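Trainee: mind folding the following:
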Amino acid sequence: MPFEDLVDVLGITPAKVLPIAGQQVAFPGRVSARTGMLLLAIQRDAVARGGERRDVDETVAALGLTDDDAEALEAELFGESRAVLDELGVIGEARQLVMGTLVAWHLGGQEAAEKTWAAGAGAGKAPAPSNRATRRTTAGRSSKTAGKAAAPSRTAAGASSGARRRGTTA
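Mentor: Prediction:
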């Protein structure tokens with residue numbers, strides 16, 4: 001069986017096009033390896049937070065990035081369309097939504113980007129998986145250790161013999 005073209009295998013598009021202010025604005029379809037690694041770090045951070053929403057500035061701070069790093073990331077993701085966004089007056093939350101959508105597109109494909117774009121009310125933030133209280137309730141029911149973590153703690157002297165056998169004293 002012959003190999004498929006790499007562009008087809010990876011789903012690389014020459015441009016990622018978003019509708020903005022009545023125009024179809026094209027953004028670069030590829031990013032450098034360095035930016036790809038940074039996007040993966042952003043993704044790992046989001047997974048570690050359980051999908052909890054965070055804006056771009058909070059993400060930059062959490063990852064220990066400098067303003068120059070954030071500026072370089074935006075420059076590469078937006079490419080020449082950065083000037084178009086400036087001309088259209090795309091600033092603040094709208095600009096964060098464009099950035100978040102492009103990050104989602106590079107990491108998860110067009111479907112992930114469409115979900116991020118559709119969740120525009122949380123501009124620049126990945127859509128939350130579900131209601132936080134629901135996630136906690138569901139996690140509490142499905143995990144044997146979740147119930148133990150919520151139980152009142154005991155001092156080492158008052159720990160049960162079962163806890164001593166397991167080597168724990170929480």
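Trainee: how far away is residue 35 from residue 102?
Mentor: 11 Å (CB to CB, to the nearest Å). Any C-beta I mention is one placed from the backbone N, CA and C, and that applies to glycine too.
Trainee: quick one: which of those two has more around it?
Mentor: Using other CB atoms under 10 Å as the criterion, residue 35 and residue 102 rank with residue 102 on top: 26 against 18.
Trainee: give the contact list for that one.
Mentor: Shown in contact with residue 102 (CB atoms under 8 Å, 6 or more residues apart in numbering): 16, 27, 77, 78, 113.
Trainee: any idea whether it is helix, strand or coil?
Mentor: Assigned by DSSP: H, G, I helix; E, B strand; the rest coil, the conformation of residue 102 is helix.
Trainee: do you know the pLDDT at it?
Mentor: On pLDDT, residue 102 comes in at 94.
Trainee: got it, and residue 150?
Mentor: 42.
Trainee: point me to the helix or strand that includes residue 51.
Mentor: Per DSSP states H and E, residue 51 falls between elements, in no helix or strand.
Trainee: re the thing from before, the contacts of residue 102: which two are farthest apart?
Mentor: 78 and 113 (14.5 Å; CB to CB).
Trainee: quick one, domains of this protein?
Mentor: 6-122, 132-166 (automatic domain parsing).
Trainee: looking at the ones you listed, which one has the lowest mean pLDDT?
Mentor: Of all these, domain 132-166 has the smallest average pLDDT, which comes to a mean of 43.
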